[in-house]
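A.B. asks: Below is the sequence, then the predicted model.
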Amino acid sequence: MDYERMTAPCGLDCFNCLMYAAVTNAGLREKIAERLHIQVEKAMCRGCRDEGGTIVFLGMKSPCNVYACASEKGLNFCSECPGFPCDHLHPYADKASLLPHNTKVFNLCLIKRMGLEKWAEEKAKSVKDTYFKAKFKL
């Protein structure tokens, strides 16, 4: 798998997303469409980079700020930027229980420390599992 292509500049792992899996799984696509109340054709995503930073199922009409910024600066990942982390990566709490976007900075730090391939193969899935399923601990 091309992990660079399938990891968004912000550090989200598209290859572990149900919307990406729905590209090749019609049954999953139908379930997602029903749950999100959207057309079946929109109930999938090919990944941030392949979608040009504009994710249709989210109702986006233009690229997200992170994608636009990274593209403008010619960066593969935000962690390559001298201004990392910036407010484009700021975590938000209103959808934290539904969306993994608050994992972005953590993922980017892991990619920088572990390397993309090792992070993708050994850690990316567990980050989401921990985020959504593990008990909070200090």
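C.D. replies: Looks like it arrived, so ask away.
A.B. asks: Low-confidence stretches in the protein?
C.D. replies: Applying pLDDT under 70 to the chain picks out no residues at all.
A.B. asks: Mind doing that once more with 90?
C.D. replies: 1, 56-59, 90-102, 128, 132, 136-138 (pLDDT under 90).
A.B. asks: Show me the helices in it, by range?
C.D. replies: Remark: helices assigned in the chain by DSSP state H are 18-21, 26-36, 65-73, 104-114, 116-122, 124-133.
A.B. asks: Most tightly packed of those helices?
C.D. replies: Most buried of the helices of the chain, by mean neighbour count (mean count of other C-beta atoms under 10 Å): helix 104-114, with a mean of 19. C-betas here are computed from N, CA, C, even on glycine.
A.B. asks: Name the residues that touch that helix?
C.D. replies: Here helix 104-114 makes contact (C-beta atoms under 8 Å, 6 or more residues apart in numbering) with 7, 10-13, 66, 77-79, 84-85, 89, 91, 119, 122-124, 127.
A.B. asks: That helix: how far from the chain's middle?
C.D. replies: Computed by C-alpha atoms, centre = their mean, to the nearest Å, the separation of helix 104-114 from the middle of its chain amounts to 13 Å.
A.B. asks: Now the buried members of the contacts of helix 104-114.
C.D. replies: Among the contacts of helix 104-114, the ones that count as buried by 16 or more other C-beta atoms under 10 Å are 7, 10-13, 66, 77-79, 84, 89, 119, 123-124, 127.
A.B. asks: out of those, which one sits closest to Asp50?
C.D. replies: Thr7 (11.7 Å; C-beta to C-beta).
A.B. asks: mind listing what Asn76 touches?
C.D. replies: Asn76 neighbours (C-beta under 8 Å, 6+ apart): 4, 9, 70.
A.B. asks: Just send those back as JSON lines, with distance to Ala21 too.
C.D. replies: Formatted as JSON lines, the contacts of Asn76 follow (distance: C-beta to C-beta, whole Å):
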{"residue": "Glu4", "distance to Ala21": "19"}
{"residue": "Pro9", "distance to Ala21": "21"}
{"residue": "Ala70", "distance to Ala21": "24"}
